[in-house]
Every structure is written in structure tokens, then in C-alpha cells.
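> no sequence on this one, just coordinates:
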């Protein structure tokens, strides 16, 4: 299948998770509606080999998969932005040429066998710019959506900026947040929810679905920070573009959060490197909030 024939563009971002990425993409190819999807696999760990790893290379033999190597790890949205620019420059296709642009991690299992087909046949509101499925974490057992039901206040954003101004304070905050989620674990995270939730503020970043209207109105994935805060960056754009966000709870995704970490502390702890990235992110997000305060 030629990319120009695809209705959905699915961008998958890999970082030192080659086996699971290959497995995820191969499982996606088996879903109903996958014949309408073109996949771009962005390897953000390509500095190991100066190219895409050997485990991922067999994927390139399929006509509807493009592999891109990023040897400088530009981050989650950074990789997706590069993928869109590559498609634009080499094939002359813009993101708005697809009905949906999906951006996802690869430590996932799509638990809806007709995921792409259901997405394509869904008659969405013409003003919906961002969608997300149900995302269940294997780490906490909880539903990840919505990430923020309502827009965080400037006061909360400033409080987070203060917390991430000090490493020791950020470590405590990070650990307490994890423990809170762990102890609030529920057995049936989707119980009581409808099939669709309309217009929450922000959704979980592990699996994002951007509709063509988002790009037609000027939305971008060109995030000026390397990592973290991507959900708020996109949510603010949806808000400013006067679009809506929608959660499709009838589409199920399992987030295998332990998949990309070799040690439990990598999930619930906070390394110096991660602290720096999060500090940069919250400083940028705070600047957005304060600009319109």
C-alpha cells in the first residue's frame, strides 16, 4: 500500500525497546482496518548503531511501514514532528491529508481487534481535534484517561514549577504521586463510564489520535521542549484552536508501563536526567499559562 492511499498515519516511537516495538507493530498489522494504515516507526535509540537496530529492520520490508532513525533522541513529539516533516519533504503529503494521525508509545497492547476499522467508521463531531482510547496501566491498574478532566489552574502550574525547582522536593513528589496511584488502584477502572467522554481537557500521551482538522487549523507537534508536558502542550493548542477533545472508551489499549524500564526505580524514582527534563517542561508550560493569565 502506498502512503498516499492510507487514511490513517500511525507514528510509533521506540526508545531502546526494540523487541516490544517490533511485537507491537506486528500486532497492529493484524487488526481489522490495518490495510488503511501507514506506519512510521521512529527509532529514538538509533545512536547505538548510527542506524535503526537489526531487530527493527525486518519491518521495513513491508510496504506500509517506514523506519526512521533519530540518533539524537529528539523526544516523543520531536520524533513525530520529524516524521511529519520527512513525509512532507519526500512524498509531498501533509498531516491533514490523513483523516487521523496516531502517535503512540510501543509498550502497548491494543485490546480492540477492530481498532482501526472502528475509528474510521466513527462519525465524530466535526469540531473534534483530539481523540484518545481507554488506556489501562499495568503498573497501577487504573484508567489513564482523562489525564486532566479540567484545565489545571495557574496556581497548580506554579506549584509544580516550585516543586521541580528542587531535586529533593521533586523526588518526594514523584514518589508520593506513584504511591497515591498505586493505593487507589481499582478493579474495574472503566466501570460507570459511557462509551465516549466529551471534551476533557487533556488525555494520556501514550496513545493520541489527532484528526485532520487539528492540522488544518494550524496545530503542530513542534514542541520546543525535549520531553514531558506533551499532553498539556497539545491540550492548549486544541483549546486555542477552538476544537474539542474526545475519549473513546469503547476502544481499549493496555499500557505495559514496565516494558521500557529494566529496574523498578526507573518507574517510581526520579533520576537527575529526568528531573532536568521535567523542570524544563514545567517551566515552559508555566510560561504558556502566565502569558494568558
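Arrived safely. Not measured: the values here are computed from a predicted model.

> quick one: residue 217 and residue 240 touch, right?
No - in this structure, residue 217 sits apart from residue 240 without contact. The criterion is C-beta atoms under 8 Å, and the distance is 9.3 Å. To be clear about C-beta, it is placed using only N, CA and C from the backbone, and glycine gets the same treatment.

> so what does the lengthiest helix in the chain touch, helix or strand wise?
The helix that spans the most residues within the chain, counting by DSSP state H, is helix 272-291. Applying 3 or more C-beta pairs under 8 Å, 6 or more residues apart in numbering; DSSP states H and E, one finds that helix 272-291 makes contact with helix 154-163, helix 167-183, helix 230-240.

> And for the helix or strand where residue 67 lies, what's in contact with it?
Assigning secondary structure by DSSP states H and E places residue 67 in strand 65-69. By C-beta atoms under 8 Å, 6 or more residues apart in numbering, the residues outside strand 65-69 that reach it are 3, 25, 38-43, 46, 50-52, 56-57, 59-60, 79, 82-83, 86-87.

> Now, the residues you listed that are in helices?
Taking DSSP H as the definition of helices, the contacts of strand 65-69 contribute 25, 79, 82, 83, 86, 87.

> Nearest residue to residue 46 in space, please, no chain neighbours.
Of all residues beyond its chain neighbours, the one nearest residue 46 is residue 69 (3.7 Å), with distances taken as C-beta to C-beta, 6 or more residues apart in numbering.

> which intervals of the protein have sub-threshold pLDDT?
Screening the chain residue by residue with the criterion pLDDT under 70, one finds the ranges 1-2, 4, 49-51, 181-182, 184-194, 258-269, 293.

> ranges for the strands of it?
8-14, 37-43, 65-69, 100-104, 108-110, 128-137, 196-198, 207-211, 244-255 (DSSP state E).

> Output these as a markdown table; include the columns distance to residue 116.
Written out in a markdown table, the entries for these read as follows (distance: least, C-beta to C-beta, whole Å):
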| stretch | distance to residue 116 |
| --- | --- |
| strand 8-14 | 6 |
| strand 37-43 | 5 |
| strand 65-69 | 15 |
| strand 100-104 | 9 |
| strand 108-110 | 9 |
| strand 128-137 | 11 |
| strand 196-198 | 17 |
| strand 207-211 | 11 |
| strand 244-255 | 10 |
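
> Take those strands and write them to TSV, including distance to residue 224 and mean neighbour count.
Compiled in TSV, the strands of the chain are given as follows (distance: least, C-beta to C-beta, whole Å; neighbours: other C-beta atoms under 10 Å):
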stretch	distance to residue 224	mean neighbour count
strand 8-14	18	25
strand 37-43	18	25
strand 65-69	21	20
strand 100-104	17	24
strand 108-110	26	19
strand 128-137	19	24
strand 196-198	30	15
strand 207-211	18	24
strand 244-255	22	20
